[in-house]
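K.L.:
Sequence first, then the predicted structure:
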Amino acid sequence: MSTAVAETTEIGVVPSFTVTLFVRRFSKEDDLEARWEDFDVTVHGTDRVLDALHKIKWEQDGSLSFRRSCAHGVCGSDAMRINGRNRLACKTLIKDLDITEPIYVEPIKGLEVEKDLIVNMEPFYQAFKDVKPFLIATDKPKAERLQSPEERARFDMTTKCILCAACTSSCPVFWTDGQYFGPAAIVNAHRFIFDSRDEAADVRLEILNDKEGVWRCRTTFNCTEACPRGIEVTRAIAEVKQAILRGKP
Amino acid sequence: MVTIETPRSPRTRKSANREKWAWLFMRASGVVLIVLIFGHLFVNLFLGEGIKAIDFAFVAGKWANPFWQVWDTLMLWLALIHGTNGMRTLVNDYSEREGIRKFLNASLWTVCILLIVLGTLVTTTFDPCPDTSVVDALPQFCK
C-alpha cells in the first residue's frame, strides 16, 4: 500500500531560517577604528533583530555589547541603525527585512561610540535637559489642574516620545553639528510649550529661538521617518517654529 | 514640603538671533521669486514671438521700461541673497573646521555682493546707444 506522505508541519511550530548579521563592532581598548563582523544565526519567523543579537551574545560571542532593557518598544534603549535606517531592534521583525541579503546593524550616528552598539547618550540628554522638560506652573491648586480633551489633544503626539534618540541620530545636521538641540529635545519642548497647564512656554521658545535651535532644522523628514513611536517630529518642529514667530504657543 | 520655585535659570543669550530672520527671509523671498522668475520666463520665452524675439533690442527695450528695471533688479537681489544664504546654511551644516567655514562663507558673500553690484549697475545704468565713435558696433535702431 502506497501512501502519499504529505509534507506536514507540526501545528504551533514557527518556521526557522538562517540569516547573516553584519554587526559594526568597536572597542576602545582593542580597535583603532570600527570594523564589521558577521554572524550566522538561526532565527524564527517571530524573532526580532534584538533576538538575533541575544543569540549572538549568548551562544556565539559574549563580548558583543548593546543596550536593551524592556525589549518591547517602551524603554527606548535599543535604537540602532538596521540596514541603514534607525529603528528599535526590539520592534524590527527579521522576516520584515530582506533576509536574502545580510542584515547590517550599526550604532546610531552622531554620538560617540563607547563599545559596539553602545553610544554615549550624554550630549543627547543634555539637549533634552536644556529645554526644561518638566511642568512649570506657579499656581498651587488643591486638586489636579484641569484640562479639556481638546487642550490635551494639542500636544498628545509629543507625549509619546521614549527618548530612544532614533530621530536625533538620524538628523544630518546633528551628525556634523554637535551643538544642535536635535529633534528629540524639540519634541519634548513641544510637549510642554503647547500644554495649557504650563506657564513657561515663552522661556522654552526663547531657548529654541537660537542659532542652534529650531532654525537649524532643514525639514529633511529623517526624524519623522525614524521615530518608532510614529511621532510626526518634523511637524512638531515646524509648530515650534511657528510659535516662535507668533511669540506664543 | 519644599518647593523649588525656579529649578533652573534661563540660559543667557550671547547675541541677537539672526537665524530667525534668515529663515523668514528664505520663505518670503522664495514666494516672491516664484512670481518673478516664472513671470520673467513667461514674458521672455512665451509671449509674442516667444524665444525668437530675444535679441539685443528685446533686452534693451525691456530695460528702457522702469517696470522691468525694477523687476529684474529685484529678481537679481533676491535670487542672489536667497541662493547665497542657502549655500551658507550648507557650509554651516557640513564644514567641520571653523577656519574653512569662515573662509567659505566670506567667499560666498564676496561673490554675492560683487554680482549684485555689477548686475545692479547693468539694470540701472544700461544705455543701448552710448555716445561712441565706433558707430558700426551699435545696433541698427541707434542710427
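P.N.:
It's in.
K.L.:
got the contact list for residue A:158?
P.N.:
The neighbours of residue A:158, taking CB atoms under 8 Å, 6 or more residues apart in numbering or on different chains as the test, are A:187-188, A:190-191, A:194, A:231, A:236. C-beta here means a position set from N, CA and C on the backbone, and glycine is covered the same way.
K.L.:
out of the residues you listed, which are inside helices?
P.N.:
Using DSSP state H, the members of these that fall in helices are A:187-188, A:190-191, A:236.
K.L.:
Quick one, which of these are buried?
P.N.:
With burial judged by 16 or more other CB atoms under 10 Å in any protein chain shown, the buried subset of the ones in helices among the contacts of residue A:158 is A:187-188, A:190-191, A:236.
K.L.:
Tell me how far the residue of chain A at minimum distance from chain B lies from residue A:106.
P.N.:
Residue nearest to chain B within chain A (CB to the nearest CB): residue A:215, separated by 3.7 Å. Residue A:215 sits at a distance of 29 Å from residue A:106 (criterion: CB to CB, to the nearest Å).
K.L.:
What helix or strand is residue A:81 located in?
P.N.:
strand A:79-82 (DSSP states H and E).
K.L.:
Quick check: next helix or strand after that strand?
P.N.:
Using DSSP H and E, the helix or strand that follows strand A:79-82 towards the C-terminus is strand A:85-88.
K.L.:
buried ones in that next one?
P.N.:
Buried-residue list, strand A:85-88, by 16+ other CB under 10 Å: A:86-88.
K.L.:
In a markdown table, list those along with pLDDT and distance to residue A:39.
P.N.:
Shown next, in a markdown table, are these (pLDDT from 0 to 100; distance: CB to CB, whole Å):
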| residue | pLDDT | distance to residue A:39 |
| --- | --- | --- |
| A:86 | 97 | 21 |
| A:87 | 97 | 19 |
| A:88 | 97 | 20 |
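K.L.:
Tell me if residue A:37 really is in a strand.
P.N.:
Yes: assigned with DSSP: H, G, I helix; E, B strand; the rest coil, residue A:37 falls within a strand.
K.L.:
In this structure it contacts residue A:23, no?
P.N.:
Yes: the pair residue A:37 and residue A:23 qualifies as a contact (CB atoms under 8 Å) at a distance of 5.5 Å.
K.L.:
tell me the mean pLDDT for stretch A:26-44?
P.N.:
In this model, stretch A:26-44 has an average pLDDT of 93.
K.L.:
Stretch A:116-126 now?
P.N.:
Per-residue scores along stretch A:116-126 average to 95.
K.L.:
Pull the residues that contact that stretch.
P.N.:
For stretch A:116-126, the surrounding residues in contact (CB under 8 Å, 6+ apart) are A:23-27, A:53, A:64-67, A:80, A:105-108, A:111-114, A:163, A:165, A:168-169, A:178, A:182, A:184.
K.L.:
Can you give the distance of it from its chain's centre?
P.N.:
12 Å (CA atoms, centre = their mean, to the nearest Å).
K.L.:
in it, what's buried?
P.N.:
A:116-119, A:121, A:123-124.
K.L.:
End to end on it, go ahead and measure it.
P.N.:
23 Å (CA to CA, to the nearest Å).
K.L.:
nearest residue to residue A:120 other than its sequence neighbours?
P.N.:
Distance criterion CB to CB, 6 or more residues apart in numbering or on different chains; nearest residue to residue A:120, sequence neighbours excluded, is residue A:112 at 4.5 Å.
K.L.:
From residue A:123, how far out is the one you found?
P.N.:
For residue A:112, the distance to residue A:123 - CB to CB - is 8 Å.
K.L.:
any shared contact partners between these two?
P.N.:
Residues within reach of residue A:112 and of residue A:123 at once, by CB under 8 Å, 6+ apart: there are none.
K.L.:
before we move on, the earlier item: and the contacts of residue A:158, which two are the farthest apart?
P.N.:
A:194 and A:231 (13.5 Å; CB to CB).
K.L.:
So between these two, which is more surrounded?
P.N.:
Using other CB atoms under 10 Å in any protein chain shown, the more surrounded residue of residue A:194 and residue A:231 is residue A:231, with 24 against 21.
K.L.:
what about the residue lying closest to residue A:148 once chain neighbours are set aside, helix or strand, and which?
P.N.:
Sequence neighbours aside, residue A:196 is the residue nearest to residue A:148 in space, at 7.9 Å (criterion: CB to CB, 6+ apart). Using DSSP H and E, residue A:196 falls within no helix or strand.
K.L.:
ok, residue A:196 - contacts?
P.N.:
A:147-148, A:151, A:154.
K.L.:
how does it look with 10 Å?
P.N.:
A:145-148, A:150-152, A:154-155, A:249 (CB atoms under 10 Å, 6 or more residues apart in numbering or on different chains).
K.L.:
Residue A:175 now?
P.N.:
Listed by CB under 10 Å, 6+ apart, the contact set of residue A:175 reads A:109-111, A:168-169, A:222, B:93-94.
K.L.:
For the chain, which segments count as helices?
P.N.:
In the absence of a named chain, chain A is used. Counting by DSSP H, the helices of chain A are A:49-55, A:122-130, A:149-153, A:172-176, A:183-193, A:201-208, A:222-226, A:233-246.
K.L.:
meant chain B, my bad for not saying
P.N.:
Taking DSSP H as the criterion, chain B contains helices spanning B:19-45, B:56-63, B:66-94, B:98-125.
K.L.:
can you list residues touching both of residue A:194 and residue A:231?
P.N.:
A:157-158.
K.L.:
Distance from the chain centre to the helix or strand of chain A with the lowest mean pLDDT, please.
P.N.:
The weakest-scoring helix or strand in chain A, judged by mean pLDDT, DSSP states H and E, is helix A:172-176 (a mean of 89). Relative to the centre of its chain, helix A:172-176 is centred 16 Å away, using CA atoms, centre = their mean.
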